[in-house]
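Colleague: no letters, just coordinates:
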C-alpha cells in the first residue's frame, strides 16, 4: 500500500563555531541576494510549468 506524504517540515539550525568569525552583511547585500534567489526560483518554476504544459 503506497504512502502519500502531504506535508514535510524541515528545521535547520545554522550557527558559527567558536573558531569561525562572523562577518556582518549589509542590508543592501541581503536585499540583492534575496532578489537573485527569488529570480532564480521563479525561473525554475516557470521552466517546470512549461515542461508540464508541453506534455
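Modeller: Received the coordinates, thanks. Here the structure is a predicted model, which means the values were calculated and not measured. Numbering: from 1, shown residues only.
Colleague: ok, the residue nearest the centre of the chain to residue 51 distance?
Modeller: The chain has residue 37 as the residue nearest its centroid, 7.0 Å off, counting by Cα atoms, centre = their mean. As judged by Cβ to Cβ, to the nearest Å, residue 37 and residue 51 stand 21 Å apart. To be clear about C-beta, it is placed using only N, CA and C from the backbone, and glycine gets the same treatment.
Colleague: state the pLDDT value of residue 18.
Modeller: What the model reports for residue 18 is a pLDDT of 61.
Colleague: model confidence for the residue nearest to the centre of the chain, exactly?
Modeller: 94.
Colleague: gap between it and residue 15?
Modeller: Residue 37 is 21 Å from residue 15, by Cβ to Cβ.
Colleague: and residue 27, by the same measure?
Modeller: For residue 27 relative to residue 15 (Cβ to Cβ), the value is 21 Å.
Colleague: repeat that for residue 5.
Modeller: 29 Å.
Colleague: and residue 45, how many neighbours does it have?
Modeller: Neighbourhood size, residue 45 [other Cβ atoms under 10 Å]: 10.
Colleague: show me how far stretch 46-55 is from its chain's centre.
Modeller: 20 Å (Cα atoms, centre = their mean, to the nearest Å).
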